[in-house]
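Enquirer: dropping the sequence and predicted coords here.
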Amino acid sequence: MPEILESPEKYMFNAYGIWLLDNKHRFVKQIKKNVSPSAHGDKHWDSSYLLMDYLEDEKVKKGTRVLDVGCGWGPSAIYLANRGCKVTGLDLDEDVFSFLEVQSVLNSVNITKRVGAMADMKKKDLEQFDLIVGGDICFWDELVDEWFKMLKRAASAGVKRVVMGDPGRSTFLELADKCELKWPTSMLPWYSHQPKRFEGYVLDVQLNE
Ligand SMILES: C[S@@+](CC[C@H](N)C(=O)[O-])C[C@H]1O[C@@H](n2cnc3c(N)ncnc32)[C@H](O)[C@@H]1O
């Protein structure tokens, strides 16, 4: 079982080795006075903890080039950077990046920030990555197609793998079905236990050997 770490400050918590800020933290409140994310990038989403838990036991080599799609406040991006990966956070909403920045500093990691939609990621952009991750970022009907098309481009760009966490939305299940028909795919019911118990699914797709 994981060690219980005492929070150094009120409204700061630990999950899978990284420190994150609660909505009530003074830095978060301060940032919220200036920005207001518009596409659900207004908190950490629990699916990112599913991703972290799943990746704990996976061999992710230091230096792995990771694209975190719909990174939001950056929980998954920060987790992977803390494990020595070179991480880019992609989000169409530039307002999320102030939250990501402050939490990156808190964890002494660097994340490359990229404003844009996954539909904008061309083959030459995707060639720069080995692994794509995403936490709760297949929630609108149109995102199923946007994901699937990007994954086809990613496969031809040589990206090896995509790992996604999700509570089990119908859109995510639809994407999983499409992936299963095209690539070696695992769809696993999963739970995380930090910072609290949360149940959902992890989708792990092998795009290339
Ligand atoms: C539900 S939040 C999840 C955030 C983060 N992954 C987490 O687990 O805390 C979805 C995020 O995806 C972003 N987003 C939505 N559609 C997107 C798209 N087509 N391309 C890139 N980012 C997108 C939103 O701005 C938002 O920050």
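Expert: Thanks, I have it. This is a predicted model, so every value here is computed, not measured. Numbers count the residues shown, from 1 in each chain.

Enquirer: quick one: residue 121 and the ligand, what's the gap?
Expert: The spacing between residue 121 and the ligand, counted by CB to the nearest ligand atom, to the nearest Å, is 9 Å. Every C-beta, even on glycine, is put in place using the N, C-alpha and C of the backbone.

Enquirer: now do the SS call for the closest residue to that residue other than its chain neighbours.
Expert: Taking CB to CB, 6 or more residues apart in numbering as the measure, residue 121 lies nearest to residue 150, with 5.7 Å between them; neighbours along the chain are not counted. Assigned with DSSP: H, G, I helix; E, B strand; the rest coil, residue 150 falls in the helix class.

Enquirer: what number of residues lie near residue 150?
Expert: Other residues within reach of residue 150, judged by other CB atoms under 10 Å, total 25.

Enquirer: buried stuff in the helix or strand of the chain at the bottom of the mean pLDDT ranking?
Expert: Lowest mean confidence among the helices and strands of the chain (mean pLDDT, DSSP states H and E): helix 26-32, at a mean of 91. Neighbour counts over helix 26-32 (16 or more other CB atoms under 10 Å) mark 27-28, 31 as buried.

Enquirer: would you format those as JSON lines with distance to residue 79 included?
Expert: Converted to JSON lines, the buried residues of helix 26-32 look like this (distance: CB to CB, whole Å):
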{"residue": "27", "distance to residue 79": "19"}
{"residue": "28", "distance to residue 79": "18"}
{"residue": "31", "distance to residue 79": "20"}
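
Enquirer: re earlier: mind listing what the residue nearest to residue 121 touches?
Expert: Each residue near residue 150 by CB atoms under 8 Å, 6 or more residues apart in numbering is listed here: 69, 118-119, 121, 126.

Enquirer: counting only helices, which of these make the cut?
Expert: Counting by DSSP state H, the members of the contacts of residue 150 that fall within helices are residue 126.

Enquirer: now for the contacts of residue 150, which sits with the most neighbours around it?
Expert: Of all those, the highest neighbour tally under other CB under 10 Å goes to residue 69, namely 25 neighbours.

Enquirer: before we move on, back to that, with the contacts of residue 150 in mind, which one is nearest to the ligand?
Expert: For the ligand, the nearest member of the contacts of residue 150 is residue 118. The distance, counting by CB to the nearest ligand atom, is 4.3 Å.

Enquirer: is it correct that that closest one is in contact with residue 146?
Expert: Yes. Under the criterion of CB atoms under 8 Å, residue 118 makes contact with residue 146 at 5.6 Å.

Enquirer: buried stuff in stretch 92-104?
Expert: Going by neighbour count (16+ other CB under 10 Å), the buried part of stretch 92-104 is 92-93, 95-104.

Enquirer: before we move on, back to that, if I look at the residue nearest to residue 121, how far off is residue 13?
Expert: According to CB to CB, to the nearest Å, residue 150 stands 32 Å off from residue 13.
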